[in-house]
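>>> predicted coordinates and the sequence they were generated for:
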Amino acid sequence: MSDETLIKCSNLECRYGNYIAASNVNFQLNRGDYLCVVGANGSGKSTLVKTVLGLQKSYSGKIEKAKNCRIGYLPQQKAVQKDFPASVFEVVLSGNLANKKFFSFYTKADKENAMKNIKKLGIQEFVKKSFRELSGGQQQRVLLARALCAASDMLVMDEPVTGLDPTVTDELYTIIRNLNAVDNLTIIMVSHDIHRAVSQSSHILHMNKEQLFFGTSQEYMKTEYYKQMQNVETCSTHCQCDCDDTCKASHIIMNHHHHTS
Ligand SMILES: Nc1ncnc2c1ncn2[C@@H]1O[C@H](COP(=O)(O)OP(=O)(O)O)[C@@H](O)[C@H]1O
Ligand SMILES: [Mg+2]
């Protein structure tokens, strides 16, 4: 790994028992890169992300990370988590726990870090509210602020805009682009929105259980994979169904644009 490389995966294969969910994964990211992970539902995107983060232990191959690389993570959301009975400030503050080795109390620096990220995401007015009172878009901002408490080097997000309306989606994409462009945060984002993926990111990783493509977004746009993806619309971009890990099979609509409005 070179000095600027933050993460490098070589011949990575991720399994659940005998089932291979992701294979032949080879990519590397330098500081400031913005990677979008694309592919159909069930293609191994979440598994790959969790494995890279060290949350999923069953793999072979090599995962190298830069020393002291601080990574924040916004997991794919499930409906139940939206009903979390804590204040916005508590939710953001708990992001600091990601970098503590043992249970310990929050420090003054943790609280300042939480407030800094609350301001960055423009959610000061909700600080005292209960998380579950907020709209979906507001909740995602809170969870993004939480992830940022742990992320001085890299931010990993798994479908952060799924189920949100177009205006809120635009706002979140702008926030993410600025975190990359202004704060030089390295980004890994699982996304269903292929148009935004290629226009915002520097790199694309296309999964279909095995890795089909890794390279720059410019290179990706010349491939057949990109052409195929343009014909795939997922329900998450057009309707408000709460897609999550348990809801997979019926959500890819090939060559068919359906609008619910
Ligand atoms: N905890 C698990 N145990 C067994 N199989 C799983 C588990 N999580 C996901 N899978 C399977 O692994 C495959 C990839 O899932 P996932 O990584 O969630 O895909 P994606 O995020 O691209 O939709 C799917 O076939 C899924 O059913
Ligand atoms: Mg997933």
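Great, that's in hand. Ligands and ions are numbered 1, 2, ... in the order given.
>>> name the helices or strands packed onto the helix or strand His206 falls within?
Using DSSP states H and E, His206 sits within strand 203-208. With contacts taken as 3 or more Cβ pairs under 8 Å, 6 or more residues apart in numbering; DSSP states H and E, strand 203-208 sits against strand 19-30, strand 34-38, strand 210-216, helix 217-220. The way it works is simple: take the backbone N, C-alpha and C, and place the C-beta from them, glycine included.
>>> who's in contact with the nearest residue to Ala197 once chain neighbours are set aside?
Spatial nearest neighbour of Ala197, excluding adjacent residues (Cβ to Cβ, 6 or more residues apart in numbering): Cys36 at 3.8 Å. Residues in contact with Cys36 (Cβ atoms under 8 Å, 6 or more residues apart in numbering) are 189-191, 197-198, 200-201, 203-205, 217.
>>> out of these, which comes closest to Pro85?
Closest approach to Pro85 among those (Cβ to Cβ): Val190, at 27.5 Å.
>>> show residues contacting stretch 68-75.
For stretch 68-75, contacts defined as Cβ under 8 Å, 6+ apart pick out 6-7, 53, 95, 98-99, 143-144, 146-158, 160.
>>> got the CA positions of that stretch in PDB?
Extracted C-alpha coordinates of stretch 68-75, given in PDB (Å, rounded to 0.1, in the frame of the first residue of the first chain):
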ATOM      1  CA  ASN A  68      -5.300   4.800  12.700                       C
ATOM      2  CA  CYS A  69      -7.800   5.100   9.900                       C
ATOM      3  CA  ARG A  70     -11.000   6.400  11.600                       C
ATOM      4  CA  ILE A  71     -14.100   5.200   9.800                       C
ATOM      5  CA  GLY A  72     -17.800   6.200  10.400                       C
ATOM      6  CA  TYR A  73     -20.600   3.900   9.300                       C
ATOM      7  CA  LEU A  74     -24.200   4.600   8.400                       C
ATOM      8  CA  PRO A  75     -25.800   1.100   8.100                       C
END
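>>> picking up where we left off before, quick one: the residue nearest to Ala197 and His192, what's the gap?
Relative to His192, Cys36 is positioned 10 Å away (criterion: Cβ to Cβ, to the nearest Å).
>>> same check, this time on Cys149
26 Å.
>>> could you list the low-pLDDT ranges of the stretch 51-200 of the chain?
For the stretch 51-200 of the chain, residues meeting the criterion pLDDT under 70 lie at 78-82, 99-103.
>>> chain neighbours aside, what residue packs nearest to the residue of it found nearest ligand 2?
Going by Cβ to the ion, ligand 2 is nearest to Gln76 of the stretch 51-200 of the chain, at 4.9 Å. Among residues not flanking Gln76 along the chain, Asp158 sits closest, at 4.0 Å (Cβ to Cβ, 6+ apart).
>>> that neighbour touches Thr47, doesn't it?
No. Contact criterion Cβ atoms under 8 Å: Asp158 and Thr47 do not qualify, at 10.4 Å.
>>> quick one: contacts for the spatially most central residue of the chain?
Residue closest to the mean C-alpha point of the chain, counted by Cα atoms, centre = their mean, is Met157 at 1.3 Å. Met157 is in contact with 73-74, 144, 147, 176, 187-190, counting by Cβ under 8 Å, 6+ apart.
>>> in the sheet, who's paired with it?
Leu74, Met189 (DSSP bridges).
>>> does ligand 1 sit close to stretch 62-79?
No. Remark: stretch 62-79 sits outside contact range of ligand 1, by Cβ under 6 Å from any ligand atom, the gap being at least 6.9 Å.
>>> related to what we said a few turns ago, tilt between the strand holding His206 and strand 34-38?
Orientation check (axes from the mean of the first three to the mean of the last three Cα atoms, to 10 degrees): strand 203-208 against strand 34-38 gives 20 degrees.
>>> what pairs with strand 203-208, parallel or antiparallel?
strand 34-38 (parallel), strand 210-216 (antiparallel).
>>> for the first one, C-alpha coordinates in PDB please.
Listed in PDB are the C-alpha atoms of strand 34-38, where the atom choice follows Å, rounded to 0.1, in the frame of the first residue of the first chain:
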ATOM      1  CA  TYR A  34     -15.500   8.800  -3.400                       C
ATOM      2  CA  LEU A  35     -16.600   5.200  -4.200                       C
ATOM      3  CA  CYS A  36     -20.100   4.200  -5.100                       C
ATOM      4  CA  VAL A  37     -20.900   0.500  -4.800                       C
ATOM      5  CA  VAL A  38     -23.700  -0.500  -7.200                       C
END
